[in-house]
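Novice: Okay, here's the prediction I keep looking at, along with the sequence it came from:
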Amino acid sequence: SFWHTLSKKKLEEFMLSTDPVAIVANFGPSPSRFISKEGKKISIPSRVMLGEGSFEIDADAKKILLQKDLVAMYGVLHNANTVEDFKGFDKRKLIAEAGQRIEKAIEEGLASADPSLLNTFILLTYANLKTHRYYYWFAFPALLPKGDGAQFQVASTESISQVFSDCESLRSFYAMLAEYQANVGLKNRGHFVVLMDESGRNCIKIATLSQYHQLKATDKNKLYFGYVDPSTVPTHPGWVLRNYLVYIKEQYKLQICNILSIRDTNFDQIAKIPPGENVSVSSIAMTLNLPLTSENTSLQDEKTTITTTMTTSTYGYVGWEPNAKGRLGARVVNLQSVFDPKSLAKTSADLNLKLMRWRSLPNLDTDKLKQTKVLLLGAGTLGCYVARTLLGWGVRHITFLDNGKVSYSNPVRQPLYNFKDSVGGKNLKAKIAAQNLMNVSPGVVSEGHCVTIPMPGHTVAAKQEEAVKQEYNKLKSLIQSHDLVFLLTDSRESRWLPSLLCAAHGKRLVNAALGFDTYVVMRHGMRCGDEKQKERDLGCYFCNDVVAPTDSLSDRTLDQQCTVTRPGCAPIASALAVELAIALIHNGSGERGSELGAMPHQLRGSLRKFELLAIEGRRYDKCTACSDIVLNLYKEQGWKFVLNALNRPLYLEDVTGLTQMKKQAEELSFDFDEDWGDEE
């Protein structure tokens with residue numbers, strides 16, 4: 001609809017701009033339509049229509065051209081930023097400026113080539129995008145002759161069928177009119193000249209206004225000025241005729257003119273009515289007296305092109321539409337109940353982001369955020385908060401991976417679950433999280449996968465190998481199909497394989513981990529590509545360790561099995577992780593600051609000290625997850641390498657050189673102790 005398109009353009013294009021915007025509308029002839037009110041039939045005239053294409057003038061004009069009965073109207077939209085600005089529009093000035101443009105088009109002869117200049121409109125709007133209430137006020141500028149005796153007077157009115165000699169002549173006229181509108185330009189469709197034969201009862205030709213003098217020079221036959229009339233009142237013409245008569249009066253200096261008000265549709269169908277059948281039409285013919293201005297009282301030869309000077313005192317300017325109460329004032333429409341609730345929710349969800357672009361972040365790429373596919377490894381406390389914060393940033397593709405089920409302890413800490421989800425203890429976290437996320441925001445695309453991440457130190461028996469391999473392949477496939485991965489699991493060893501896969505496949509990874517009152521948020525480094533720049537590569541979660549990840553879940557007490565942490569840690573860490581990820585997405589390269597600010601490598605926070613440290617760690621050449629030797633072995637061996645890491649606790653330390661390094665460190669420590677003893 002027009003209002004939906006206006007809302008979108010206000011948010012994305014106009015923003016705080018109040019510059020006038022060119023728009024296009026259309027209207028057409030309207031056969032008599034009636035509604036019943038209090039037992040009486042009331043005629044309904046044709047309406048000026050605006051739609052979603054009203055802002056695309058050329059494209060919408062072509063659509064109008066395809067509908068034979070429609071006439072284009074060109075206007076100007078003035079959209080206010082506040083309701084106070086809307087009330088403060090200088091309406092007297094706007095209508096005067098529009099009237100002067102019409103006068104100029106008539107005076108300079110521009111309206112002869114482009115009659116659409118005679119009928120324009122002004123639309124004042126204010127869109128309250130929170131409540132979806134739209135304030136609007138139309139004006140259809142008209143030139144009002146001043147002075148006594150300056151008004152146009154209707155001498156006679158009759159049905160158009162009485163103008164033509166018989167039904168065949170009438171059908172012939174409508175056939176010519178259909179052909180005229182099919183071939184003439186859109187701007188000439190609503191106004192035309194009708195040339196009659198010597199009897200004045202048969203149509204010879206239909207031409208544009210610019211051909212008027214040519215017709216008068218070659219023939220003295222009767223001429224009618226025709227126009228498409230939206231009125232349904234039998235004896236009264238529509239508003240389109242007002243400026244048309246001023247044009248005829250000033251351009252041709254006629255004292256009397258003949259008018260055809262065309263109110264019928266489907267001209268070609270009328271023309272095809274079989275002979276002998278009655279032709280019923282709604283159009284009317286009128287004869288009007290056009291008084292000359294006091295400054296120009298004499299008529300000149302009609303064969304001569306007449307130019308006139310229209311002074312500002314000749315005409316007044318009117319045209320502001322009354323409201324529903326019949327008073328001059330704006331109208332208001334509340335579309336909250338009309339819009340599709342899902343579309344409304346989607347539009348409202350993006351409102352904050354669109355408003356960011358008005359002042360704070362003009363270059364915020366909301367389309368990039370919307371198209372980014374995010375994988376959350378873990379649907380617990382961190383996963384729930386990260387997902388909700390991603391929604392706020394306009395991310396619309398979110399996938400959950402978790403192997404747990406919703407328990408009674410989850411809903412109070414994890415905002416994507418409720419009590420009903422925990423009853424029975426059979427609902428999979430990943431599935432429920434995805435479903436409830438779509439309940440929060442219907443426009444989001446979300447799915448959940450129940451997958452157990454293979455972990456070093458958790459031995460895989462021969463009969464389990466195929467099942468674990470399937471879990472590995474599923475994890476790898478999900479990582480490859482997403483743009484960004486959040487690592488939000490609750491154990492150290494569960495972070496190893498995702499870290500390895502993201503490094504091997506060049507995927508961005510953001511890690512968040514919790515202690516009791518501490519947390520760490522970090523982004524894993526991306527390879528620079530240049531061998532000389534390797535020392536500048538940022539490290540991963542395991543680059544600060546000299547011990548390979550191993551089983552830390554077995555033989556633990558209840559407080560060790562659960563993630564025991566201060567309730568404020570997870571929301572803080574999740575928010576920081578998302579903010580870091582959004583900056584990373586928006587920046588692209590990943591190693592410099594972005595428009596959103598700095599992009600630290602690691603953030604380590606403490607609630608006990610209310611402290612937050614931004615630190616940086618370089619890539620470690622003996623890292624068990626992202627070092628060159630590990631990545632090369634994985635690329636060569638694939639699943640075989642992963643299986644060795646799962647089943648052999650010291651395998652990763654051996655292949656990376658950590659075992660040898662620790663052995664050398666022990667030898668140095670022994671030598672140091674020997675030397676210290678000799679000194680004593």
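Specialist: Looks like it arrived, so ask away.
Novice: ok, residue 550 - contacts?
Specialist: When contacts are counted by C-beta atoms under 8 Å, 6 or more residues apart in numbering, residue 550 touches 456, 457, 493, 649. (Glycine included, C-beta is placed from N, CA and C.)
Novice: and the third one, how many neighbours does it have?
Specialist: The one in question is residue 493. 21 (other C-beta atoms under 10 Å).
Novice: Repeat that for the one 3 residues further on.
Specialist: A count of nearby residues for residue 496, using other C-beta under 10 Å, gives 27.
Novice: do the same with residue 461
Specialist: Counted with other C-beta under 10 Å, the neighbours of residue 461 add up to 8.
Novice: for the chain, longest strand please?
Specialist: Secondary structure of the chain read by DSSP state E shows that its longest strand is strand 133-145.
Novice: so after it, what's the next helix or strand?
Specialist: Sequence order places strand 153-159 as the next helix or strand after strand 133-145, per DSSP states H and E.
Novice: That next one pairs with which strands, parallel or anti?
Specialist: Sheet pairing of strand 153-159 (DSSP bridges) gives strand 284-289 (antiparallel).
Novice: Report the buried residues of the partner strand.
Specialist: 284, 285, 286, 288 (16 or more other C-beta atoms under 10 Å).
Novice: Distance of the last one relative to residue 252?
Specialist: It stands for residue 288. 13 Å (C-beta to C-beta, to the nearest Å).
Novice: same question, the third one
Specialist: In this structure, residue 286 and residue 252 are 17 Å apart, going by C-beta to C-beta.
Novice: what pairs with residue 316 across the strands?
Specialist: Following DSSP bridges, residue 316 is listed with bridge partners residue 144.
Novice: one step back: send over the longest strand of the chain as CSV, restricted to the C-alpha atoms.
Specialist: Output of strand 133-145 as CSV, limited to C-alpha atoms (Å, rounded to 0.1, in the frame of the first residue of the first chain):
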residue,chain,number,x,y,z
ARG,A,133,-1.3,6.4,12.6
TYR,A,134,-1.0,8.5,9.4
TYR,A,135,-2.0,12.2,9.2
TYR,A,136,-2.7,13.5,5.7
TRP,A,137,-4.2,16.5,3.9
PHE,A,138,-4.8,16.8,0.2
ALA,A,139,-5.0,19.9,-1.9
PHE,A,140,-6.1,20.0,-5.5
PRO,A,141,-5.1,23.5,-6.6
ALA,A,142,-7.6,25.4,-8.6
LEU,A,143,-7.7,28.9,-10.1
LEU,A,144,-10.7,30.9,-8.9
PRO,A,145,-11.7,33.9,-11.1
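Novice: so where's the stretch 401-550 of the chain uncertain?
Specialist: Counting by pLDDT under 70, the stretch 401-550 of the chain has low-confidence residues at 527-536.
Novice: Please, where are all the helices along it?
Specialist: Secondary structure of the stretch 401-550 of the chain by DSSP state H, counting those that start in this stretch: the helices cover 419-422, 429-440, 465-480, 496-505.
Novice: closest one to residue 380 among these?
Specialist: helix 429-440 (7.3 Å; C-beta to C-beta).
Novice: packing partners for the closest one?
Specialist: If contacts are counted by 3 or more C-beta pairs under 8 Å, 6 or more residues apart in numbering; DSSP states H and E, helix 429-440 sits against helix 381-392, strand 397-401, strand 445-449.
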